[in-house]
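Student: Okay, structure incoming, though there's no sequence with it:
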Ligand code: SF4
């Protein structure tokens, strides 16, 4: 098994320092990256930040107006275009007052709209696509030098983006791309036309990146791909994903491995075995169902059926009994009848998901489903959606109630507990990825983000668990290298402006695909 993992590493992409990174007074120019969309985009934004910092730019402090604003767009989300052009409208008035400010637009929507971005917002300086993120510093420099907008969209990936420098948002946890693009043709999805065919990264490159992350203090990684379990299709190894999980599991110091998202059609039992037999692979699976109706699955061009989906869940639970399984579901796909929807409700009832990201179908221009007859009226979609949310919330609560009195290990996170300050709690993720808010008793040592606490669950709600101290006992804390890395990052940020994770500043929960609202954990 390990033999297949020793493939030579591809060369890292070098970004040259850019003269454009300095303003007229010789000061380093500041940048801000605003991210719309899924985890892929959030990770891409880390690479954009890394490329800019390699070229000499510095990240703007949270409340400062950056000299360069990069918008990393998403074409999957509802109303993505409205959000982009609304944001660009606001930025125009800022740019009018801010000498030398530049605006760049990249990502899926830029890949789709191309020249139209400049036609609609001629004050934009750079438009780049999903395949050429490493060109951003060069494009900014050219735009500044020539005094005109630069547009560069490549139709195919030339360099795997993970060879780009990266500036990560979390010290203890990192995303690692294993593939980009997708060979499937789901009729509701714009990804294949924007991200292209699946490109698999070599296992040696992936493992090397994980090792470097761990050396840097990460204790957790999430492997990312549109369709992780078809990983290996490009270099002809059908069992490559399971092997990758096992090989990652041998990396010393890596405590938690997660991945998103697998496709049910490509889900094979060797992956379940690898999950069950690799202690650092977490007992958690996010696997999109999309619909419980076989007729609708066919119309969506998703090649599994509900029985196969439920069979995978049974086999996962047989080997990993405490696995928390989550999903994505689309309500109101064109042609969905009441009977089809009842099928979805039945599968959801049987599947016992810990939580579900639920989406109301809406037309995405450029997808086959956009022109299908039988679009379901909005009020019907809304009513079904509400029934599905109510069902999933009940199940999420029941599943969370099973966690009561259990002892769980929680990795402390940043920014996930909005009410932490007022409730004297901290927040983190259990091994199965459930969100846990835990009490910080008076006088107890305070764990750092990335440290591990062991707590007992005292209260369950559909979207979270609470762990309040029993008899005021101090927290049981295990200090980790992840916490040490957070300390280091904090002391470095005393010299460098603090890092906003996204437009809003605090790190946000995101998912692959079509994120809007979720019912459950
Ligand atoms: S929904 Fe997922 S599997 Fe289907 S085409 Fe889009 S990215 Fe590929």
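Tutor: Arrived safely. This structure is a prediction, so every number in the text was calculated from the model and none was measured. Numbers count the residues shown, from 1 in each chain.

Student: now the residue of the stretch 301-450 of the chain found nearest the ligand, what's its secondary structure?
Tutor: Here the stretch 301-450 of the chain gets closest to the ligand at one residue, residue 302, 6.9 Å apart by Cβ to the nearest ligand atom. Bear in mind the C-beta positions are built from the backbone N, C-alpha and C, glycine included. What DSSP: H, G, I helix; E, B strand; the rest coil gives for residue 302 is coil.

Student: How many neighbouring residues does the residue in the stretch 201-350 of the chain positioned nearest to the ligand have?
Tutor: Per Cβ to the nearest ligand atom, residue 226 is where the stretch 201-350 of the chain lies closest to the ligand, at 3.8 Å. Counted with other Cβ atoms under 10 Å, residues neighbouring residue 226 total 23.

Student: Tell me if I am right that it is in a helix.
Tutor: No - per three-state DSSP, residue 226 lies outside any helix segment and is coil.

Student: Tell me the secondary structure at the residue nearest to it when sequence neighbours are not counted.
Tutor: Closest residue in space to residue 226, ignoring its immediate chain neighbours: residue 182 at 4.1 Å, by Cβ to Cβ, 6 or more residues apart in numbering. Recorded secondary structure, residue 182: coil (three-state DSSP).

Student: Verify the stated contact: residue 182 with residue 231.
Tutor: No - the pair residue 182 and residue 231 does not pass the contact test of Cβ atoms under 8 Å, sitting 11.5 Å apart.

Student: When those two are compared, which one has more neighbours?
Tutor: Between residue 182 and residue 231, counted using other Cβ under 10 Å, the more crowded position is residue 231 (29 against 21).

Student: I figured residue 142 hits residue 150, correct?
Tutor: Yes - counting by Cβ under 8 Å, residue 142 does reach residue 150; the two are 5.2 Å apart.

Student: Those two: which has the busier surroundings?
Tutor: In this view residue 142 and residue 150 are compared by other Cβ under 10 Å, and residue 150 has more residues nearby, 22 against 17.

Student: quick one: contacts for that one?
Tutor: Taking Cβ atoms under 8 Å, 6 or more residues apart in numbering, we find residue 150 in contact with 125, 126, 127, 139, 140, 142, 143.

Student: and if you look at residue 411?
Tutor: Contacts of residue 411 by Cβ under 8 Å, 6+ apart are 172, 173, 219, 220, 256, 428, 429, 450, 451, 452, 480, 482.

Student: and it, which of the three is it?
Tutor: Following three-state DSSP, we place residue 411 in the strand state.

Student: what's the closest non-adjacent residue to it?
Tutor: residue 428 is the one closest to residue 411 (Cβ to Cβ, 6+ apart), at 5.1 Å.

Student: in a strand, that's where that neighbour is, yeah?
Tutor: Yes - counting by three-state DSSP, residue 428 is part of a strand.

Student: shouldn't it be in contact with residue 410?
Tutor: Yes - between residue 428 and residue 410 there is a contact under Cβ under 8 Å: 3.9 Å.

Student: Would you mind listing the residues touching both of the two?
Tutor: Common neighbours of residue 428 and residue 410 (Cβ under 8 Å, 6+ apart) are 436, 438, 453.

Student: List just the nearest of these to residue 330.
Tutor: Here the nearest of those to residue 330, counting by Cβ to Cβ, is residue 436; it sits at 29.1 Å.

Student: got the phi/psi numbers for residue 360?
Tutor: phi -90, psi 130 (degrees, to the nearest 10).

Student: Pairing partners for it in the sheet, please.
Tutor: When assigned by DSSP bridges, residue 360 has beta-bridge partners residue 331.

Student: near the ligand, which residues of this protein show up?
Tutor: For the chain, the residues in contact with the ligand (Cβ under 6 Å from any ligand atom) are 182, 184, 186, 189, 191, 192, 226, 227, 263.

Student: ok, now with 5 Å
Tutor: With Cβ under 5 Å from any ligand atom as the criterion, the chain meets the ligand at residues 182, 184, 186, 189, 191, 226, 227.

Student: Can you tell me the SS state at the fourth one?
Tutor: Secondary structure of residue 189, reduced to three states by three-state DSSP: coil.

Student: got the residue ranges for the strands in the stretch 51-200 of the chain?
Tutor: 58-59, 68-73, 102-107, 126-128, 150-152, 173-177, 179-180, 199-200 (DSSP state E, counting those that start in this stretch).

Student: Skipping adjacent residues, who's closest to residue 285 in space?
Tutor: Using Cβ to Cβ, 6+ apart, the closest residue to residue 285 is residue 325 (4.9 Å).

Student: follow-up on the earlier one: want to try JSON lines for the strands of the stretch 51-200 of the chain, with mean pLDDT and distance to residue 239 as columns?
Tutor: Formatted as JSON lines, the strands of the stretch 51-200 of the chain follow (pLDDT from 0 to 100; distance: least, Cβ to Cβ, whole Å):
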{"stretch": "strand 58-59", "mean pLDDT": "90", "distance to residue 239": "41"}
{"stretch": "strand 68-73", "mean pLDDT": "93", "distance to residue 239": "34"}
{"stretch": "strand 102-107", "mean pLDDT": "93", "distance to residue 239": "33"}
{"stretch": "strand 126-128", "mean pLDDT": "92", "distance to residue 239": "36"}
{"stretch": "strand 150-152", "mean pLDDT": "87", "distance to residue 239": "38"}
{"stretch": "strand 173-177", "mean pLDDT": "91", "distance to residue 239": "19"}
{"stretch": "strand 179-180", "mean pLDDT": "88", "distance to residue 239": "15"}
{"stretch": "strand 199-200", "mean pLDDT": "91", "distance to residue 239": "13"}
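
Student: Indicate which one of the ones you listed is closest to residue 461.
Tutor: It's strand 173-177; of the strands of the stretch 51-200 of the chain, that one is closest to residue 461 (Cβ to Cβ) at 24.1 Å.
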